[in-house]
Every structure is written in C-alpha cells, then in structure tokens.
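**Q** Following is a predicted model, sequence given first.
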Amino acid sequence: MLPFNIAEVCGLVGVAVPPHRNMFEVKCPNCEGDRFNIDVGKQVCHCMRCGCGGGMTDLFSIFTGVPTKEAFGIIVDRLGRGNNSSKTGGRSDEWKKSQVPAPKVALEIPVAPIEKRNETYQRYISSLTLAADHRENLRKRGMSNAEISWLEYRTMPMTGHKLLVEGLLLAGSYLKGVPGFFIDKNNRWTIKYQQRGILIPVRDLQGKIQGLQIRLDNAEHCSGKFRWISSVGKESGCGALTWAHFAGEWKDGDTEIYLTEGPVKADIFYLITRKPIIAIPGVSSIDEAIKMLTEMKAKGLKKVHLALDMDYMDLIPKVTEDGEVIEEVKQVYKDYARLITRITELGLKYTRTKWPRDYKGIDDFLAAKVRGVK
C-alpha cells in the first residue's frame with residue numbers, strides 16, 4: 001500500500017477531483033484528447049485515445065514530464081510523507097522491497113522572483129537560435145519571420161548545456177529558484193534537458209518571462225507534447241508553476257480581454273488581431289489566470305471574451321448498467337463552467353467567442369481566414 005492515493009496526486013498536478021465520483025475524465029496532456037480516464041476507486045488512469053496511463057506515479061509523470069522512476073520520491077516529499085511508517089500503517093514485504101531503490105529527492109527551493117527569472121531566461125534565450133524546421137513549423141501556422149523573431153521562440157539545444165549555463169553565471173545571472181536550472185552530481189550548475197523542441201516564453205502583463213514551455217518534436221508515449229521547463233526534484237532546483245501567459249499590451253483604462261488555451265494560440269491571436277489576450281495551460285488550471293484578471297480589474301477591466309477550444313462542447317457517449325446509451329458533458333466542460341464562476345465572482349462580465357467547428361482553436365480559424373493558412 002502506497003503512502004498516498006490518486007486523488008492526492010491529482011491535487012499535486014492541478015487536476016480537480018469531482019466530489020462523489022469514482023471515475024471521471026479530463027484532457028490528456030499527451031494527445032490533448034478529452035478521454036483521459038482517472039479511476040479513483042482502482043487508483044489507475046488511462047487515456048482512451050492514445051493509450052497512455054498506469055498507476056499513480058504514471059499519472060504524475062504524464063502531467064509533469066518527470067520520469068516515472070523519480071515520481072514516487074517527489075510525490076512523498078511534496079505530501080510530507082517521507083518514509084514515516086505511521087502514515088501508512090502496516091507494510092507488506094512487497095512494499096518494503098519497493099522502498100529499497102526509492103530515489104533520493106533533493107529539497108525543492110522556492111521559485112525566484114519574476115525579475116530574477118526574467119533576467120535569467122532572457123539571457124538564456126538570447127544565447128540560442130531557432131532551427132530551420134522549427135521556423136518553418138511556425139510559418140505554417142501563419143507567422144512571419146519578423147513576428148517569430150519578435151516572439152523570441154528558440155530551439156532547445158541538444159548539447160552544450162553546461163557551457164551555456166556557465167556563460168549565464170559569468171554574466172551574473174541568478175539561477176537558484178529559476179525553474180529548469182539545478183546543480184548536478186559534479187556540483188556544477190546546468191539546465192535540465194527536455195528533448196529537442198521549440199522553447200516558448202510565457203510572459204506576464206509587463207512582458208517579463210515567468211517561465212519557459214517546450215513543444216516537443218517527438219513526445220514520448222506518456223509524456224505530453226507541451227512541458228514546462230522544470231528542475232523539480234533536483235539539487236537547488238524547483239518546479240514550474242502553471243503560469244498564465246499574456247500576449248499584447250495592457251493599458252490603464254482598457255476594459256476587455258480575450259482568454260484562450262496555450263501561449264502559442266494566444267501569440268497567433270494577438271499577431272492577427274492586435275487585441276490583448278491571456279492564455280492558460282488548460283481549463284483545469286485557472287488560478288494564475290484569475291490572479292492576472294484581478295490585477296487587470298483594478299486597472300479598468302470589465303469584460304472577458306472566452307475563446308477556448310471548441311471541443312469543450314462535445315458530448316461523450318456513456319453506457320449505463322441497463323445498456324442504455326446516454327451522452328454526458330466532458331470534464332473540460334465542467335472546468336469551463338468553473339472558470340465562468342470564478343470570472344463572475346470577480347464581478348466581470350463574459351462572452352463566449354465562437355467560430356466554425358471545422359477549426360479546433362481560434363488561432364486556426366484566424367490563420368486560415370485572415371492569413372490564408374491551409
């Protein structure tokens with residue numbers, strides 16, 4: 001018996017567990033489908049679309065990108081369980097054996113202030129370039145070369161990480177508490193390699209870089225296409241928060257803002273419309289967006305235009321015990337409703353922005369209709 005349950009792991013990765021439900025579905029971070037099933041009773045998870053899943057440590061790995069072999073130690077550390085047998089009651093021989101190879105987890109340190117993170121990330125991406133295939137990928141989504149350069153997207157390097165980090169140290173960069181950076185076994189600062197992919201700056205209202213996401217070229221079976229650059233569980237490292245991303249310019253007295261999912265979608269929307277927009281990692285992760293909206297409201301915000309992916313409206317066929325087929329709303333729809341509740345609690349009005357269902361996201365629709373992207 002493990003010293004935690006799947007509901008607690010859900011809490012660690014930002015998945016809301018519906019009350020009085022033994023089974024529910026959320027959006028899969030691996031394939032972005034809406035059939036990622038979490039069974040609270042059986043303590044397992046499984047995506048009905050791409051097939052990823054497993055036990056509790058697998059769930060943590062899928063949502064965070066942390067290798068499964070490291071997940072156990074990080075979970076017990078974050079929950080404060082450690083190796084305290086009084087928390088778990090009696091243990092079987094199998095449990096005792098599982099404790100022998102348990103990884104040693106470094107103490108996670110607090111995330112550095114935004115000014116420190118921004119300065120370090122700016123220097124880091126300034127030392128990188130964007131590969132030709134990544135530039136072509138972004139151009140196919142409707143961006144010009146000038147816009148790509150302005151956004152400061154970069155390619156995650158495959159080698160030379162320690163030399164790059166040493167350059168940051170020589171320039172006076174602050175690395176402690178900046179997600180992604182950590183001290184390795186040779187007592188040298190480095191950055192955690194996340195495979196090859198496009199690095200995406202996630203910015204606050206003032207344009208400062210809060211954190212970096214990476215869109216992987218080849219997502220592993222259970223790792224997900226998008227990951228935060230993180231050094232959770234590493235010496236002097238720390239995990240990334242689910243920061244909201246802001247694209248555009250916000251001035252005192254502005255009254256309206258758009259809200260969507262994913263920083264790239266938001267960047268494309270702003271490039272085409274020149275209207276400010278907030279992006280959240282997913283509908284189930286809204287706390288950081290609410291913080292941003294609260295700050296905006298103090299400066300005049302009155303209305304939020306919701307421009308979330310249209311698939312939240314899809315229904316899921318379910319078979320009852322009597323064999324009857326019924327249709328239920330997705331978990332993402334319930335999260336969408338929760339987002340609306342939080343917005344109205346702030347005293348803000350909202351509208352639902354819609355477009356043809358042939359296009360999943362508002363970025364796809366605008367890129368096709370305005371810039372002729374096929």
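**A** Yep, it's here.

**Q** Domain parsing of the protein, as residue ranges.
**A** Following automatic domain parsing, the chain resolves into domains at 6-99, 114-228, 245-371.

**Q** Quick one: distance of the last one to the chain centre.
**A** The gap between the average C-alpha position of domain 245-371 and the chain average comes to 15 Å, counting by C-alpha atoms, centre = their mean, to the nearest Å.

**Q** The second one now?
**A** Centre-to-centre, domain 114-228 and its host chain are 15 Å apart (C-alpha atoms, centre = their mean).

**Q** now the first one
**A** With C-alpha atoms, centre = their mean as the basis, domain 6-99 stands 17 Å off its chain's centre.

**Q** of the domains of the chain, which approaches Gly237 most closely?
**A** domain 114-228 (3.3 Å; C-beta to C-beta). Yep, even glycine has a C-beta here, placed from its N, CA and C like the rest.

**Q** Go ahead and confirm Ser231 touches Cys238.
**A** Yes: applying C-beta atoms under 8 Å, one finds Ser231 in contact with Cys238, separated by 6.3 Å.

**Q** Overlap of the contact sets of these two?
**A** Listed as contacting both Ser231 and Cys238 by C-beta atoms under 8 Å, 6 or more residues apart in numbering are Pro179.

**Q** after the helix or strand harbouring Ile257 comes which helix or strand?
**A** Here Ile257, judged by DSSP states H and E, is contained in strand 256-261. Next helix or strand after strand 256-261 toward the C-terminus (DSSP H and E): helix 263-273.

**Q** Check what contacts that next one and list those residues.
**A** Counting by C-beta under 8 Å, 6+ apart, 141-143, 147, 151, 200-202, 213, 215, 245-248, 258, 260, 275-279, 307, 361-363, 366-367, 370-371 sit against helix 263-273.

**Q** related to what we said a few turns ago, between the strand holding Ile257 and helix 263-273, how many degrees?
**A** Here strand 256-261 runs at an angle of 140 degrees relative to helix 263-273 (axes from the mean of the first three to the mean of the last three C-alpha atoms, to 10 degrees).

**Q** May I have the strands that pair with strand 256-261, each with its orientation?
**A** Strand 256-261 pairs in its sheet with strand 277-280 (parallel), strand 303-306 (parallel), by DSSP bridges.

**Q** Please identify the deepest-packed of those.
**A** Greatest average neighbour count among the strands paired with strand 256-261 goes to strand 277-280 (a mean of 24), per mean count of other C-beta atoms under 10 Å.

**Q** Report the next helix or strand after that one in sequence order.
**A** helix 287-297.

**Q** about what we covered before: spell out for me the ChimeraX command that would select the buried members of the contacts of helix 263-273.
**A** To isolate the buried members of the contacts of helix 263-273 in ChimeraX, using 16 or more other C-beta atoms under 10 Å:
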select :141,142,143,147,151,200,201,202,213,215,245,246,247,248,258,260,276,277,278,279,307,361,362,363,366,367
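
**Q** ranges for the helices of this structure?
**A** In the chain, the segments counted as helices under DSSP state H are 6-13, 56-64, 68-79, 93-99, 114-126, 132-140, 145-151, 161-170, 263-273, 287-297, 331-345, 362-371.

**Q** Dump the ones you listed to TSV, plus distance to Phe181 and mean pLDDT.
**A** Shown next, in TSV, are the helices of the chain (distance: least, C-beta to C-beta, whole Å; pLDDT from 0 to 100):
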stretch	distance to Phe181	mean pLDDT
helix 6-13	22	88
helix 56-64	17	88
helix 68-79	17	85
helix 93-99	30	41
helix 114-126	8	97
helix 132-140	23	96
helix 145-151	23	96
helix 161-170	7	92
helix 263-273	21	96
helix 287-297	21	92
helix 331-345	32	83
helix 362-371	31	93
